[in-house]
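No sequence on hand, only this structure:
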């Protein structure tokens, strides 16, 4: 059983090294150094999964990759992504690698998003994914892609999306997203949990219902992170079909 697992790992390593030689030979050398340093099998498996997810989205010409990645980008993704075994986040790491490719191999823009993704939890990634896909979007006066408005959800729906029901934990997650500039606050925006109110017919006063909701508005930075994490290499404004 152990020998079989080692053979599978060895094949994965060979495939990953060959793949890296095509897009970025310095990164292939680094992977070899990591192997000689006896990096744990767990991290190697994570690297291989990320590279395999990326390789399925690349463009080939005569069986050769026609785009390259900046060595710094590949190195950072291998180092930071190797600590993540969650498939949802691995897919974003793979997407960042894919969207980093260009003909010159000198595109380092995604360093910004690599550093942000490295700070996110699984629940935060689920929040970004849902609100990026569901929020109404527009092109603003500076021709930048942004969310037109936030979304307010019943707390039970939000719990199912993030797969957690602890309001204290989720409030901390939302505050962290806000500190990273990924969700907006102020100007009357709901940013997190709040108790729903309704107007009393007699007094017209606001009465709390005991029902909690969650309101969030993603920033343009969060939208860019989401799009880059899908492996998209075009203009941000071309990604969504529902723009106004």
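Looks like it arrived, so ask away. These numbers come from a predicted model, not from an experiment.

how about residue 80, what does it touch?
Taking Cβ atoms under 8 Å, 6 or more residues apart in numbering, we find residue 80 in contact with 93, 114, 117-118. From N, CA and C alone the C-beta is placed, and that goes for glycine too.

out of these, who has the most neighbours?
Per-residue neighbour counts (other Cβ atoms under 10 Å) across these peak at residue 93, which has 27 neighbours.

which secondary structure element contains residue 107?
Using DSSP states H and E, residue 107 falls within no helix or strand.

that older thread, TSV for the contacts of residue 80, including secondary structure?
Listed next are the contacts of residue 80 as TSV, based on DSSP: H, G, I helix; E, B strand; the rest coil:
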residue	secondary structure
93	helix
114	helix
117	helix
118	coil
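
For residue 69, state which of these is nearest.
The nearest member of the contacts of residue 80 to residue 69, counting by Cβ to Cβ, is residue 114 at 11.8 Å.

got the contact list for that closest one?
Residue 114 makes contact with 73, 76-77, 80, 96 under the criterion Cβ under 8 Å, 6+ apart.

Try it again at 10 Å.
Residue 114 makes contact with 72-73, 76-77, 79-81, 92-93, 96-97, 100, 108, 225, 228, according to Cβ atoms under 10 Å, 6 or more residues apart in numbering.

quick one: the helices in the chain?
Assigned by DSSP state H, the chain shows helices spanning 2-23, 25-36, 41-55, 71-81, 87-99, 111-117, 122-134, 155-162, 167-179, 220-228.

Present the contacts of residue 80 as a markdown table; the columns should include pLDDT and distance to residue 143.
A markdown table is the format used below for these (pLDDT from 0 to 100; distance: Cβ to Cβ, whole Å):
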| residue | pLDDT | distance to residue 143 |
| --- | --- | --- |
| 93 | 96 | 29 |
| 114 | 97 | 25 |
| 117 | 98 | 26 |
| 118 | 97 | 29 |
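
Taking those residues, tell me the two that lie furthest apart.
Distance extremes for the contacts of residue 80: the farthest pair is 93 and 118 at 9.2 Å, using Cβ to Cβ.

Overlap of the contact sets of these two?
Counting by Cβ under 10 Å, 6+ apart, the residues touching both residue 93 and residue 118 are 76-77, 80-81, 84.

of the helices of the chain, which approaches residue 145 most closely?
Nearest to residue 145, of all the helices of the chain, is helix 220-228, at 5.7 Å by Cβ to Cβ.

State the mean pLDDT of the closest one.
Mean pLDDT, computed over helix 220-228, is 96.

Any chance of JSON lines for the helices of the chain, columns distance to residue 194?
Listed next are the helices of the chain as JSON lines, based on distance: least, Cβ to Cβ, whole Å:
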{"stretch": "helix 2-23", "distance to residue 194": "47"}
{"stretch": "helix 25-36", "distance to residue 194": "46"}
{"stretch": "helix 41-55", "distance to residue 194": "37"}
{"stretch": "helix 71-81", "distance to residue 194": "34"}
{"stretch": "helix 87-99", "distance to residue 194": "27"}
{"stretch": "helix 111-117", "distance to residue 194": "26"}
{"stretch": "helix 122-134", "distance to residue 194": "16"}
{"stretch": "helix 155-162", "distance to residue 194": "10"}
{"stretch": "helix 167-179", "distance to residue 194": "11"}
{"stretch": "helix 220-228", "distance to residue 194": "20"}
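
Fine, thanks again, bye for now.
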